[in-house]
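**Q** Sequence plus the predicted model coming up.
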Amino acid sequence: MTIKFDYKNVENFVGSHELSEIQAMVKTADSQLRNGTGSGSDYLGWVNLPTDYDKEEFTRIKEAAKKIQDQSEILVVIGIGGSYLGAKAAIDFLNHSFYNEQSETKTKIYFAGNSISSSYLNDLIHLIGDKDFSVNVISKSGTTTEPALAFRVFKELLIKKYGEEGANSRIYSTTDANRGALYEETVAKNWERFVVPDSVGGRFSVLTAVGLLPIAVSGVDIERLMDGAQSAQNAYTDSDLSKNDAYTYAALRRILYDKGFTTEILANWEPSMQYISEWWKQLFGESEGKNQKGIYPSSVNYSTDLHSMGQYIQDGRRDLLETVIKLDNPVSNLSVPKTEEDGDGLGYLESMTVDEINTKAFQGVVLAHVDGGVPNMAVHIEKQDAFNLGELIYFFEIAVGISGYLFGINPFNQEGVEDYKRNMFALLGKPGYEERGKELRNRLN
């Protein structure tokens with residue numbers, strides 16, 4: 001394992017005996033997860049995915065990525081939630097900070113279908129202009145409102161630009177293996193098709209074609225990404241907390257929750273990691289927030305948010321715990337320029353690199369927050385590469401699976417998100433929702 005988990009800064013909040021006392025619960029949760037005896041056992045395909053995946057499809061993903069790179073200046077990836085967050089996180093973390101702005105970028109990647117914004121869709125249409133583009137539509141059903149709406153827009157644009165046959169050669173569909181509206185249209189139009197496995201829920205799907213195709217188009221070595229996930233899969237098999245960092249992370253969160261720490265802040269120290277936090281928030285929020293239980297997942301981007309959220313974290317309500325993802329070796333570094341004058345007062349930093357300053361800031365913030373009553377854990381990533389990211393993805397996935405069972409809930413369903421959909425459909429006049437629509441309109445008036 002290259003990533004390291006450091007929890008020495010929770011020692012003032014959690015006694016060593018408490019890990020021993022929760023060990024039996026962890027062993028039970030591990031058995032539920034590994035043996036499929038817990039709730040949601042139909043959605044455990046992600047557990048062994050790094051070693052047990054469709055190798056033929058994996059080859060086709062790489063071939064399709066090459067075709068898109070050769071054929072298109074822009075790839076529009078259409079999806080919402082787990083259908084885009086993992087890919088966006090990986091592309092941002094593993095590429096140049098200004099990936100889409102670089103002239104040498106083969107294919108620029110833009111995401112759509114993750115909001116209901118006419119301005120965003122129009123701006124993206126204008127950005128595409130006369131450029132050659134392709135579409136990767138990602139939806140298990142094909143009827144989720146946001147991506148279905150965006151797909152209508154960009155499918156029409158493809159047909160206008162390339163004709164029906166030309167458009168069909170530029171649409172890449174990632175959907176259910178056997179059923180659904182998008183599956184049926186994909187088969188009818190003979191689009192290149194990839195599968196969302198039945199046993200892998202959306203928020204766990206980044207290591208399937210859902211995430212791997214757009215990630216590969218960006219130029220990332222997806223084999224190394226899977227290698228990293230496989231390394232983590234092999235490392236996190238023992239239910240003994242002294243031998244399993246991911247399980248220890250899950251156990252500590254559960255212990256801290258019982259002490260009143262009900263909000264977890266995921267902090268990072270690199271702008272390229274912002275969407276890793278967004279992916280993590282869905283993974284944990286959608287998995288744990290059930291039955292009026294669960295830790296509320298939030299995130300901050302340091303050092304930026306130290307000048308906004310820093311005050312609350314330091315001195316606000318003491319219901320916060322903090323987990324930091326720290327990149328130990330960035331892909332590049334800078335030395336502080338030397339000047340004869342010291343008007344900015346930074347002369348004392350002239351012997352240091354920017355990353356050394358960043359690391360000292362990280363260390364100082366951790367100590368300040370711990371002194372202020374915020375338990376602090378850290379996940380250290382050795383390098384900014386695909387292997388390390390694969391390990392990190394699996395670390396959090398296996399941790400949330402265990403954590404869900406420690407909370408006594410089903411970590412693999414998301415019934416709560418259906419409530420807003422029913423109301424939206426009713427207010428929009430979708431057939432079958434007439435009575436609910438009448439009731440909601442009366443409430444609104």
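**A** Done, it's in.

**Q** nearest residue to residue 366 other than its sequence neighbours?
**A** residue 376 (5.2 Å; Cβ to Cβ, 6 or more residues apart in numbering). For the C-beta atoms, the positions are set from N, CA and C on the backbone; glycine is no exception.

**Q** And the biggest helix by length in the chain, what's buried?
**A** Determined from DSSP state H, the single longest helix within the chain is helix 145-168. Under the neighbour-count criterion of 16 or more other Cβ atoms under 10 Å, helix 145-168 has 146-151, 153-155, 157-158, 162, 167-168 buried.

**Q** what sits against the residue nearest to residue 366?
**A** 9, 10, 321, 322, 323, 324, 366, 369, 370 (Cβ atoms under 8 Å, 6 or more residues apart in numbering).

**Q** Recalculate using a threshold of 6 Å.
**A** With contacts taken as Cβ atoms under 6 Å, 6 or more residues apart in numbering, residue 376 has the following neighbours: 9, 322, 366, 369, 370.

**Q** Adding neighbour count, pLDDT and secondary structure, write these out as CSV.
**A** As requested, these are arranged in CSV below (neighbours: other Cβ atoms under 10 Å; pLDDT from 0 to 100; DSSP: H, G, I helix; E, B strand; the rest coil):
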residue, neighbour count, pLDDT, secondary structure
9, 18, 98, helix
322, 24, 98, strand
366, 20, 98, helix
369, 22, 98, helix
370, 18, 98, helix
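
**Q** Report the two of the buried residues of helix 145-168 separated the most.
**A** Greatest spatial distance in the buried residues of helix 145-168: 146 and 162, 24.5 Å, computed using Cβ to Cβ.

**Q** how does this protein divide up, domain by domain?
**A** 4-38+226-406, 55-220 (automatic domain parsing).

**Q** For residue 438, which of those is the nearest?
**A** Short answer: domain 55-220, nearest of the domains of the chain by Cβ to Cβ, at 20.7 Å.

**Q** quick one on the thing from earlier: for the longest helix of the chain, output the C-alpha coordinates as PDB.
**A** Output of helix 145-168 as PDB, limited to C-alpha atoms (Å, rounded to 0.1, in the frame of the first residue of the first chain):
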ATOM      1  CA  THR A 145     -34.600  13.800 -15.900                       C
ATOM      2  CA  GLU A 146     -31.300  15.700 -15.900                       C
ATOM      3  CA  PRO A 147     -29.200  13.500 -18.200                       C
ATOM      4  CA  ALA A 148     -32.200  12.500 -20.400                       C
ATOM      5  CA  LEU A 149     -32.900  16.200 -21.000                       C
ATOM      6  CA  ALA A 150     -29.300  17.000 -21.800                       C
ATOM      7  CA  PHE A 151     -29.000  14.000 -24.100                       C
ATOM      8  CA  ARG A 152     -32.000  15.100 -26.100                       C
ATOM      9  CA  VAL A 153     -30.300  18.400 -26.600                       C
ATOM     10  CA  PHE A 154     -26.900  17.100 -27.700                       C
ATOM     11  CA  LYS A 155     -28.300  14.200 -29.700                       C
ATOM     12  CA  GLU A 156     -30.300  16.700 -31.800                       C
ATOM     13  CA  LEU A 157     -27.100  18.700 -32.200                       C
ATOM     14  CA  LEU A 158     -25.200  15.700 -33.400                       C
ATOM     15  CA  ILE A 159     -27.900  14.800 -35.900                       C
ATOM     16  CA  LYS A 160     -28.000  18.300 -37.300                       C
ATOM     17  CA  LYS A 161     -24.200  18.400 -37.700                       C
ATOM     18  CA  TYR A 162     -23.500  14.800 -38.900                       C
ATOM     19  CA  GLY A 163     -26.800  13.300 -40.000                       C
ATOM     20  CA  GLU A 164     -28.400  10.300 -38.400                       C
ATOM     21  CA  GLU A 165     -25.700   7.800 -39.400                       C
ATOM     22  CA  GLY A 166     -22.900  10.100 -38.500                       C
ATOM     23  CA  ALA A 167     -24.400  10.900 -35.100                       C
ATOM     24  CA  ASN A 168     -24.900   7.200 -34.300                       C
END
